[in-house]
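> Sequence below, structure please.
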Amino acid sequence: MAIAFKRVKFEVDRAPMANSYTAKQGFTIPGKIRQDEKGRPVFNVALQSYSLEVLENGNPSWTPMALDQVGLEIVHSEDTDEDGQVRLTLWRRNHPDPAKNPGWAFRGTVTALVIADLVSS
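Below you'll find the model as predicted:
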């Protein structure tokens, strides 16, 4: 059984601290992806890495950001040139006072790793 890996990188730029953050990024896998008995492609996604920093009025801040969860899932893509999309959701436990201030935000990168089961040749 052959497998393929594809990195999907998300750039998070000045996301408000008061809300969860969601983004989608398309991907394509080189080769033919195996399908299960219901005709769905066989692939999954894992967190490869992330690095996020807190911003206060646009400047890096020493204030820690308490992340509760980094969520990744594969969703259908309307773009026929893509095999799918990775949806990223960042949930966090907000600091009660500063998180509600519109001057507080965060930025950084999250890299997902798509793992696909390919059809054997």
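
> Low-confidence stretches in the protein?
67-68, 93-101 (pLDDT under 70).

> tell me the centre residue of it?
Centroid check for the chain by CA atoms, centre = their mean gives residue 88 as the closest residue, at 3.1 Å.

> Now for it: which residues touch it?
10, 21-25, 70-72, 110, 112 (CB atoms under 8 Å, 6 or more residues apart in numbering). C-beta: built from backbone N, CA, C; applies to glycine.

> again, 7 Å this time
10, 22-23, 72, 110, 112 (CB atoms under 7 Å, 6 or more residues apart in numbering).

> Quick check on these: which are buried?
10, 72, 110, 112 (16 or more other CB atoms under 10 Å).

> and the first one, what are its bridge partners?
Okay, so that is residue 10. Note on residue 10: beta-bridge partners by DSSP bridges are residue 110.

> With residue 58 as the reference, measure out to it.
20 Å (CB to CB, to the nearest Å).

> picking that back up, partner strands of the host helix or strand of the residue nearest to the centre of the chain, with direction?
Per DSSP states H and E, residue 88 falls inside strand 84-93. Paired with strand 84-93 in the same sheet, following DSSP bridges, are strand 21-27 (antiparallel), strand 66-75 (antiparallel).
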